[in-house]
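1. Quick one: sequence and predicted model below, then my questions.
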Amino acid sequence: MTRLTLRHYILVALSVFILFLPGRASLPPLDRDEPRYMEATAQMLHSGNYVDVRFLDQPRYLQPAGIYWLEATAVRLTGMQDAHAVWPYRIPSLLAVTASAVLTAWIGAALFGPMCGLLGAALLAVSVLMTAEGRMATIDTTLLLFVLLAQCGLLRAYLDRERDLATPLAAALLYWTALGCGLMLKGPVILIPGFGTPLALALVERRIDWWKRLRPAWGWLVMLAIVLPWCVAIGVISHGDFFSRAVGRNFLGKVASGQETHGLPPGYHLAVFAIAFWPGSVFAAMSLPFVWERRFQPHVRYLLCWIVPHWLVFEAIATKLPHYVLPTYPAIAILTAAAIVSFPTDWEWPRAIWGRSLLAAYGLIWFTIGSVLAFAGPVLLWRMEGMVSPAPMLVPAGALPLLGLSGYMILHRDALRAAMAAVAAAIIIHVGLFTTVIPRLQTIWLSPRLAAMVDAHRPCARTIVASTSDSEPSLVFLLGQDTRLINATAAADFLQQNPKCGMALVGARDLGAFSARIMENGLDVHELGQQTGLNYSTGKHLEIGLYAVVPPAAR
């Protein structure tokens, strides 16, 4: 195979699309970020206001409206805007992860050949972080797609310089358009890889002549033309509040201090890489000598200038979450694949004893992570649901032999077969977890059970529910934008004001205050049902009852 053809790219797209389908419809909204995006999009569709994004009655001024537009388009095209189904909101992330794998294959093939492109796409697609982010209706895989599109434009200009060829106008338009769309998704974040890569190349190479191939004299106008109209509109509507919150508090605030208890020291992303990029993490570690020896080669240098600036920025800022470095994963996957393809059956081990020792320790960690992931499903079902089922046991039965085979191949320096076995093990684990395990963990899916209980006892078509103990965004999305998140006393007052159609979800810890207020108000309230479960966002076990005023005819 001398190059990748359209048939290969279609095969990559179909494979990744099918891989990411399991769990997309059966997985409930995942607190807390995903249902916030979903509910804000649902409210956008309901109100027809596509500029001012809101969650309940509060403005959601964290990033521009791009992701909400994409999700709103997907929901409207499926005709599900009046339903509380989760899968339409996840369509953009599904398409984005599929396209990201295809673009990774293209970049890898352009730099190191077709085998590298295919293996790089596979390592990216089965990584733990990509598997998790690619199934949620959040922003990060969509942002990754536009980072890759911008890198495609950059790479075309860079390679044309190496080959002394003219760079087509389309490459410049692709680069600046991708940056503009990225700004509409998550603000200035896309500029870190978008401008960081050419800046790092300029510092390393001490030349910037190839930058002119991207038409910067007018290209920035294309970028601004995409984002500026919405910026003006939201600036007028919010009286500038959007920019003070999104840029001042959200973006710059994360740089200065750890927000939402996510403040961690430098080195965090490197520490979690073992699991976030699993199963490719051990192969990435094995590839370090290959990368170091070839760091001055143009193709390797380009990828390093993609990875290093972005990684250093997010190691330096105070707030840290694993997905912040996701835009570097395609480049890491390509470099890893390049090393494997270069030495498929005769891998070169580090010469120093300390290097081999570190690699052996990392390999042990890698195998432990894989084993834990393989057994996670059966163990979780047994511990949380008291269930022993044969289907989840197929996951470790299928994955562990492949992991063992991968380890055996690594020891015998057969890197290519080892990587292929590891990818196969990861596919079994991921598909198994999302089909046979996670949807059956009823203990943690408290909000869907509460919403089903409300639907079973709903007295009116437009029943409004007040909730005292469960204030998770998933409950708001499943019950609708009229949901009231209030305290126990206010919930009792709410039932007094809405005796016919009002309902209240009250937790055991709030029941005393709720009952006392009910007696003060002289209401006859009865419990319609009860649900218990674990709020996995807080780690608290909750016991929540559904209450309504007894109709006069039933007294």
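-> Nice, thanks for sending it over. Numbering: from 1, shown residues only.
2. Please identify the pairing partners of the host helix or strand of residue 548 and their relative orientation?
-> Using DSSP states H and E, residue 548 falls within strand 540-549. Strand pairing for strand 540-549, determined by DSSP bridges: strand 502-507 (antiparallel), strand 525-535 (antiparallel).
3. who's in contact with the residue nearest to the spatial centre of the chain?
-> Centroid check for the chain by C-alpha atoms, centre = their mean gives residue 133 as the closest residue, at 2.4 Å. For residue 133, the contact set (C-beta atoms under 8 Å, 6 or more residues apart in numbering) comprises 93, 97, 140, 141, 323, 326. Any C-beta I mention is one placed from the backbone N, CA and C, and that applies to glycine too.
4. By neighbours, which of the residues you listed wins?
-> Counting neighbours by other C-beta atoms under 10 Å, residue 93 leads the contacts of residue 133 with 29 neighbours.
5. Quick check: the closest residue in space to that one that isn't next to it in sequence vs residue 393, distance?
-> Closest residue in space to residue 93, ignoring its immediate chain neighbours: residue 141 at 4.8 Å, by C-beta to C-beta, 6 or more residues apart in numbering. Distance, residue 141 to residue 393, using C-beta to C-beta, to the nearest Å: 31 Å.
6. quick one: low-confidence parts of the chain?
-> Across the chain, the ranges flagged by pLDDT under 70 are 1, 248-263, 552-555.
7. Just give me the neighbour total for the closest residue to residue 350 other than its chain neighbours.
-> The shortest distance from residue 350 to any non-neighbouring residue, by C-beta to C-beta, 6+ apart, is to residue 356 (5.3 Å). Residues lying near residue 356 (other C-beta under 10 Å) number 12.
8. domain assignment for the chain?
-> Under the assignment automatic domain parsing, the domains of the chain span 6-342, 353-440, 446-554.
9. follow-up on the earlier one: for residue 345, see how far away the residue nearest to residue 350 is.
-> Counting by C-beta to C-beta, the gap from residue 356 to residue 345 is 19 Å.
10. Likewise for residue 110?
-> Distance from residue 110 to residue 345, by C-beta to C-beta: 25 Å.
11. which of these two has more neighbours?
-> The neighbour comparison of residue 110 against residue 345 (other C-beta under 10 Å) goes to residue 110, with 19 against 11.
12. Go ahead and produce PDB holding the CA coordinates of the strand or helix carrying that one.
-> In this assignment (DSSP H and E), residue 110 forms part of helix 91-112. Taking C-alpha atoms only, helix 91-112 is exported to PDB below (Å, rounded to 0.1, in the frame of the first residue of the first chain):
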ATOM      1  CA  ILE A  91     -24.800  13.700  17.200                       C
ATOM      2  CA  PRO A  92     -22.200  16.600  16.800                       C
ATOM      3  CA  SER A  93     -19.700  14.800  19.000                       C
ATOM      4  CA  LEU A  94     -20.200  11.500  17.100                       C
ATOM      5  CA  LEU A  95     -19.600  13.200  13.700                       C
ATOM      6  CA  ALA A  96     -16.600  15.200  15.200                       C
ATOM      7  CA  VAL A  97     -14.900  12.100  16.600                       C
ATOM      8  CA  THR A  98     -15.400  10.300  13.300                       C
ATOM      9  CA  ALA A  99     -14.000  13.200  11.200                       C
ATOM     10  CA  SER A 100     -11.100  13.600  13.700                       C
ATOM     11  CA  ALA A 101     -10.000  10.000  13.200                       C
ATOM     12  CA  VAL A 102     -10.100  10.500   9.400                       C
ATOM     13  CA  LEU A 103      -8.100  13.700   9.600                       C
ATOM     14  CA  THR A 104      -5.600  12.000  11.900                       C
ATOM     15  CA  ALA A 105      -5.200   9.200   9.300                       C
ATOM     16  CA  TRP A 106      -4.600  11.800   6.600                       C
ATOM     17  CA  ILE A 107      -2.000  13.700   8.600                       C
ATOM     18  CA  GLY A 108      -0.200  10.500   9.600                       C
ATOM     19  CA  ALA A 109      -0.200   9.300   6.000                       C
ATOM     20  CA  ALA A 110       1.100  12.600   4.700                       C
ATOM     21  CA  LEU A 111       4.000  12.600   7.100                       C
ATOM     22  CA  PHE A 112       5.000   9.000   7.500                       C
END
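13. Perfect, I'm done here.
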